[in-house]
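Enquirer: What shape does this take:
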Amino acid sequence: MKDNYITEAAKRKAVFRKVSDYFESIYGFNNEITLGLKKNLDEPGEIDEIDKMFGNYSISSHLQDDLYSTK
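Expert: Prediction:
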């Protein structure tokens, strides 16, 4: 969008760093949640049906759609 274009190079670089940090946080926390949900499947021990249900849940399956819809 033209409305969001940043003409100043220094400001554009600062915003890029912010966006990079935001995505690192989002994907880092999603990864941490996914590891937690799959823990009982990956470690030795009895696996119950509830472990399979949570282990197969994808926390970020709609992330791109959600980010796009909030432009």
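Enquirer: how about I47, secondary structure?
Expert: coil (DSSP: H, G, I helix; E, B strand; the rest coil).
Enquirer: got a list of what it touches?
Expert: Counting by CB atoms under 8 Å, 6 or more residues apart in numbering, I47 touches 40-41. C-beta: built from backbone N, CA, C; applies to glycine.
Enquirer: 21 is where my numbering starts, stick with that
Expert: Shifting the count to begin at 21 puts that one at I67.
Enquirer: what about it, distance to V35?
Expert: 45 Å (CB to CB, to the nearest Å).
Enquirer: how about the helices in this structure?
Expert: Assigned by DSSP state H, the chain shows helices spanning 29-62, 69-75, 83-89.
Enquirer: what helices or strands is the longest one leaning on?
Expert: Yep, that's helix 29-62 we're talking about. helix 69-75 (3 or more CB pairs under 8 Å, 6 or more residues apart in numbering; DSSP states H and E).
Enquirer: what packs against the helix it packs on?
Expert: Using 3+ CB pairs under 8 Å, 6+ apart: helix 69-75 touches helix 29-62.
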